[in-house]
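> curious how this folds, go ahead:
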Amino acid sequence: MAENYINVYNNLINYSRNKNLYKSLNRDDNFSDRLTLFLIHFAFFLKTFKTKENKDILQRIYDFNFRQLELSIREIGYGDQSINKKMKNYLNLFHAIVSEIHFWDKLDKNEKLNKLSSFLQDFEEIDILVEYFDDFAVNLRKKTLNFFLKSVSSP
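Okay, here's the model as predicted:
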């Protein structure tokens, strides 16, 4: 079943690689920028598909994605001690993102701008990202969890 989880992971990676997301970044993007955008996408994904029926599978997807992130950090060349610290920081960041977007659909544009700005400080045109994540949330709702488990799509 893990092969299905890699599809979810790869879908989220593909969304996070969308070059249009980085146009308003006032410098070259780095691993941290890409990871933050990945975590925002993942938070929207979990928010959309969170139901009692999906609880167990979403937990397995969550565990799988963070294992994949840890492997990516190892590939970059960090040592065991720094990996543990980085993973703790990334988990805290992810849970902060989940908390901030929980009521996304009920927020006005300024509130959404403030929430995304807190995670994406070096991005200048956050309003473009707000529109992007509004559209992303709508597009997620048009698909099923099974769609993400079975295939990899492009953004």
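> tell me the helix or strand right after the helix or strand hosting Leu46.
In this structure, Leu46 is located in helix 31-49 according to DSSP states H and E. Following helix 31-49 in sequence order, the next helix or strand is helix 55-76 (DSSP H and E).
> for whatever helix or strand comes next after that next one, packing partners?
Note on helix 55-76: by DSSP H and E, the next helix or strand toward the C-terminus is helix 80-101. In this structure, helix 80-101 makes packing contacts with helix 31-49, helix 55-76, helix 109-119, judged by 3 or more C-beta pairs under 8 Å, 6 or more residues apart in numbering; DSSP states H and E. To be clear about C-beta, it is placed using only N, CA and C from the backbone, and glycine gets the same treatment.
> who's in contact with the shortest one?
Helix 109-119 is contacted from outside by 36, 40, 93, 96-97, 100-101, 104, 107, 123, 126-127, 129-130, 133-134, using C-beta atoms under 8 Å, 6 or more residues apart in numbering.
> give the buried residues for stretch 96-110.
Neighbour-count burial for stretch 96-110, counted by 16 or more other C-beta atoms under 10 Å, picks out Ile97, Val98, Glu100, Ile101, Trp104, Leu107.
> OK, contacts around the fourth one?
Going by C-beta under 8 Å, 6+ apart, Ile101 touches Ile40, Ala43, Phe44, Lys47, Lys115.
> against Asn26, how distant is the fourth one?
Applying C-beta to C-beta, to the nearest Å, the value for Lys47 to Asn26 is 29 Å.
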